[in-house]
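# Just the structure for this:
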Amino acid sequence: MTFDWTTAFSQVPEAAFLQGEHRPREGEILRVQTLPDLRRFLDWVHIKQCLLKPYFEHANYPLVDFRELLPSFEADAYEYKELPGFSMVAVARPLKYFQEIFQYDILHCLLDYTDETYRDQCPLETSIFGQNMRTFCARLAKSSQDAFRHEFSETDVTSLENYAALLPTILQMDRAHVLSMDSQNDFYLSGVYCSFPSYLDTELKRFGLNIKKFAVGDDRRYERHRGFVYQFLMELYGFPIVSERRTSSALFARRLFRMGERFLVRVLGQTDRTITTLYSHPEARFYPRVEKIALVAVDKTHTEALKALREGGYFVDPERRVVITRVVYRQHKFDPNNVRQDRALSVASQEVIHPVTGKSFYRLNLVKDTYSLFLRLNDIVRGEYSGRIVYKRNEIVENTDTHEKKLKFLYAWLSKHQRRIIGYSDEFYSNVVKVLDNYLLSADHYDDFSNMRDIYQEVWSKYSYIQQARKVKLLEDLQDRNYKGERLSYLRMLTLFTEILNDLKFEIVNYFDALVERVLSLGDMILNDSYLLRHYIRKKDLDLSPYGLSVKKTYSRLVALLDEFRSIRKAKKEQGIVLPLVAQS
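From the prediction side, this is the model:
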């Protein structure tokens, strides 16, 4: 049976209020008094009107690729002006117009006029509705005002019962709308034409100083690290460096969270076609929780998932395998001691939402599937991939029918999945290495790569960085005396550390100062281990067992290796070899 978007979520408890009609049948009242309930109601309305409706009205609706929901997020390729976009904020308390930190045009619910501060104004419904009507019309195009008055003149536009009917009009407005609680603790539409203060310059510099990437007054340091800090800060809130609407929403959510507000900020971009929600949550201690909802097509390779989704009736469009997907993310505080320090966000959970019942299907892994990642890499090097990427944020590349396009796709693929390749299993990594080596080192392509040396070197630099970073990741695990799930003795830890360090020494011809610095830092942590020093290194040889002597001998080898690394680093810096930013962007 063909799915009709007008019947979406017809079996959820709030179904009567999703039809886009004024005032459901008499006697039925919608009361939403908590943020989770509000988020649930808004999910149904926004998915139905802002995702499903456009999908069925536009034959070439641009579905979201699962890759686009996987951090780190990429720059947008196109803006789809025919698709809806909006932003909104909801706070779980009554608003105080003068004291709020954002500007908006106020709307009044009927309960407002029971307050003593409004005793000088007419409390009649017609007067209140007329005032709200004038507020709305002041922010609409003149050509839309008469139709709006005709449709909503006798309607309480602040009531959530009429939110679905009002949403098409709200989507015509450039700025955000506001929801808050009335005196009875019910949510209502309390404002339109809202501006989110972002304070981007202040927030960016404060964050950079906090993570010690910036130093006060150091312009050169700021220039070197600004891109990284900006990207990390935005990704914490679910976005790449993008449009003003999404940037201001992210930074406004950051400010509300720091103020201890119970809030929900939601934004739909016309470029990403994804509903992104940032909200306070009891388990979110350092940052607001981030989730995204989008229409995506399930890959043909997910045969078991396809079968389960089809049997459960989860497809919006069975022919194109389209489902409603929600992804919840986990934020990570910046860690300078982690080789994957650019990892701001990771997938915490994913689900497919039933288009009729609203029930969630969790038993699947569509976003973080390594098999799909590997298949895509294979398709790229074979020239069989037919998607598009944004190369270095300023060039759209479609298809992989030439070596130049393949290299650009490889650069984008390695950039996006860099931290996953560094951290994923040995089996996945060995498959990636096999594919990349067969392509990049093939004698058949030597002449082709010679003619595009710059792009080839960019890809090779990125690939070399990942290879070295995986070894540094192993050193990080060894420093905690863990190795592939095994708890190590001090001797075993020192032995493995020196072996990996010795291998890494011969690869340092591809010089990445950040990695060398991390290696030296890890080595110094081990050399200064208080237990190691007290029980082995500072004791005389005569007082040590054969095991203790082996520990001391291996420790000396590690000291010598770290001295070699310091010499290499000093020589490279004297030669003027600096950090190749392309490898870590």
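# Could you check the pLDDT of the residue nearest to L414 when sequence neighbours are not counted?
Distance criterion CB to CB, 6 or more residues apart in numbering; nearest residue to L414, sequence neighbours excluded, is K462 at 4.5 Å. The way it works is simple: take the backbone N, C-alpha and C, and place the C-beta from them, glycine included. pLDDT for K462: 89.
# Output the below-cut-off pLDDT ranges for the stretch 251-400 of the chain.
339-342, 368-371 (pLDDT under 70).
# got the residue ranges for the strands in it?
Ranges of strands in the stretch 251-400 of the chain, per DSSP state E, counting those that start in this stretch, are 263-268, 275-279, 289-297, 322-331, 345-353, 360-361, 388-391, 395-398.
# Export those strands as CSV, with columns for mean neighbour count.
Formatted as CSV, the strands of the stretch 251-400 of the chain follow (neighbours: other CB atoms under 10 Å):
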stretch, mean neighbour count
strand 263-268, 25
strand 275-279, 24
strand 289-297, 22
strand 322-331, 22
strand 345-353, 18
strand 360-361, 16
strand 388-391, 19
strand 395-398, 14
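# Stretch 329-338: end-to-end distance?
From its first residue to its last, stretch 329-338 covers 20 Å (CA to CA, to the nearest Å).
# hmm, back to that, neighbours around the residue nearest to L414, how many?
Look at K462: counted by other CB atoms under 10 Å, it has 22 neighbours.
# Which positions in the host helix or strand of it come out as buried?
For K462, the host element (DSSP states H and E) is helix 453-479. Using 16 or more other CB atoms under 10 Å as the test for burial, helix 453-479 gives 455-456, 458-479.
# Over to stretch 485-494?
Here stretch 485-494 shows L488, Y490, L491, R492, M493, L494 as buried, counting by 16+ other CB under 10 Å.
# out of the residues you listed, who's nearest D529?
Distance to D529 across these (CB to CB) is lowest for Y490, with 8.2 Å.
# any idea how far P240 is from the residue nearest to the closest one when sequence neighbours are not counted?
The shortest distance from Y490 to any non-neighbouring residue, by CB to CB, 6+ apart, is to V551 (5.5 Å). For V551, the distance to P240 equals 48 Å [CB to CB, to the nearest Å].
# and the two? which has more neighbours close in?
The neighbour comparison of V551 against P240 (other CB under 10 Å) goes to V551, with 23 against 19.
# which residues sit in contact with that one?
Contacts for V551 (CB atoms under 8 Å, 6 or more residues apart in numbering) come out as Y490, L491, L494, L532, Y536, L544.
# What does the first one show for phi and psi?
Read it as Y490. Main-chain torsions, Y490, degrees, to the nearest 10: phi -60, psi -40.
# so who does it touch?
Contacts of Y490 by CB under 8 Å, 6+ apart are R481, Y531, L532, Y536, V551.
# Out of the residues you listed, which sit inside strands?
With strands taken from DSSP state E, there is no overlap with those.
# Save those residues as JSON lines, and put in pLDDT too.
Converted to JSON lines, the contacts of Y490 look like this (pLDDT from 0 to 100):
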{"residue": "R481", "pLDDT": "81"}
{"residue": "Y531", "pLDDT": "88"}
{"residue": "L532", "pLDDT": "88"}
{"residue": "Y536", "pLDDT": "88"}
{"residue": "V551", "pLDDT": "91"}
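# What are the boundaries of the helices in the stretch 201-350 of the chain?
For the stretch 201-350 of the chain, helices defined by DSSP state H, counting those that start in this stretch occupy the ranges 219-236, 244-258, 303-312.
# So which of the ones you listed is the most surrounded?
helix 244-258 (a mean of 21; mean count of other CB atoms under 10 Å).
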